[in-house]
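Undergrad: Sequence unavailable; structure follows:
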Ligand SMILES: [Fe+2]
């Protein structure tokens, strides 16, 4: 038994639905089918189809068609706007660009190139007389350094608006803590050390005094740490976090404590340093 349920936009589907067999109309006119079996075709034809029954096919499969009234046949197709869900993000790009690099001006180009190499494994993709482009991943550069003529050092950099720090993340707690030890042994030590709840972080200054945060995610993945920062009362009440002495973290790991145990103890204040920094401003270097 055939039913005429096709549409003018997809004429090949006209009259091809047969009870007991597959419904070709569903496939060839899929643009007019909504999930759940309600079809509001261009001609106003309304049909309801149990899809599972259609997939089964063969004798005994149940296909029930409801052909609309003459009034339904005269209805206009819905506009594209009316079919779209409301999108309130009108002030944001639908496809957001990825953060790619930061550029610093500097009067210590070579010193900066060396420091970023030692601290973070950034190597110069290009290192000229007045500029360098550094990367440590697949991007062509992550940090750019420019030394244009006429440049001068800032005044009161630590208390000026602007970038406080850039941040780099290790995948594991051991990588992160081992890097702290490696830098410490080279005389490079942090000026801030905080368990933010989302990350455990140590903050350094590059040769120009720019802040550089090196962190490890406390949840091991961005999905969970994003959910936590978005919803945890603990973060809302104390977004800066808890101070820790990184040397006490080294001791704790040597005693066999896991990252999670160390993180929880740090949040509980068990590794507070003897001297807590009085503020989070960048120490003045000039
Ligand atoms: Fe940060």
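TA: Yes, it's here. Given the structure is predicted, the values throughout are model-derived calculations rather than measurements. Numbers count the residues shown, from 1 in each chain.
Undergrad: Can you list the neighbours in contact with stretch 261-274?
TA: 173, 193, 195, 197, 200, 218, 241-245, 248-249, 252-253, 257 (C-beta atoms under 8 Å, 6 or more residues apart in numbering). The way it works is simple: take the backbone N, C-alpha and C, and place the C-beta from them, glycine included.
Undergrad: Out of those residues, which end up buried?
TA: Buried by 16 or more other C-beta atoms under 10 Å: 173, 193, 195, 197, 200, 218, 241-245, 248-249, 252-253, out of the contacts of stretch 261-274.
Undergrad: Just give me the closest of those to residue 208.
TA: Using C-beta to C-beta, residue 193 comes nearest to residue 208 of those, at 21.1 Å.
Undergrad: residues from the stretch 101-250 of the chain in reach of the ion?
TA: Proximity of the stretch 101-250 of the chain to the ion (C-beta under 5 Å from the ion) is limited to residues 167, 213.
Undergrad: picking that back up, just the buried ones among the contacts of stretch 261-274 now: which is nearest residue 119?
TA: For these, the nearest to residue 119 is residue 193 (15.3 Å; C-beta to C-beta).
Undergrad: Does that closest one touch residue 201 like I think?
TA: Yes - counting by C-beta atoms under 8 Å, residue 193 touches residue 201, with 7.3 Å between them.
Undergrad: coming back round to it: list just the nearest of the contacts of stretch 261-274 to the ion.
TA: Each of the contacts of stretch 261-274 was checked against the ion using C-beta to the ion; the closest is residue 241, at 10.6 Å.
Undergrad: I'd say the closest one and residue 203 touch.
TA: No - assessed by C-beta under 8 Å, residue 241 is found out of contact with residue 203, at 11.7 Å.
Undergrad: what is in contact with the two at once?
TA: Shared contacts of residue 241 and residue 203 (C-beta under 8 Å, 6+ apart): residue 194.
Undergrad: hang on, the earlier thing: cross the buried ones among the contacts of stretch 261-274 against helices and list the overlap.
TA: Of those, the ones assigned to helices by DSSP state H are 173, 248-249, 252-253.
Undergrad: Give the burial count for residue 196, as a bare number.
TA: Close neighbours of residue 196, defined as other C-beta atoms under 10 Å, add up to 19.
Undergrad: Repeat that for residue 268.
TA: Neighbour count for residue 268, taken as other C-beta under 10 Å: 11.
Undergrad: Residue 107 against residue 151, yeah?
TA: Yes - counting by C-beta under 8 Å, residue 151 is a contact partner of residue 107 at 5.8 Å.
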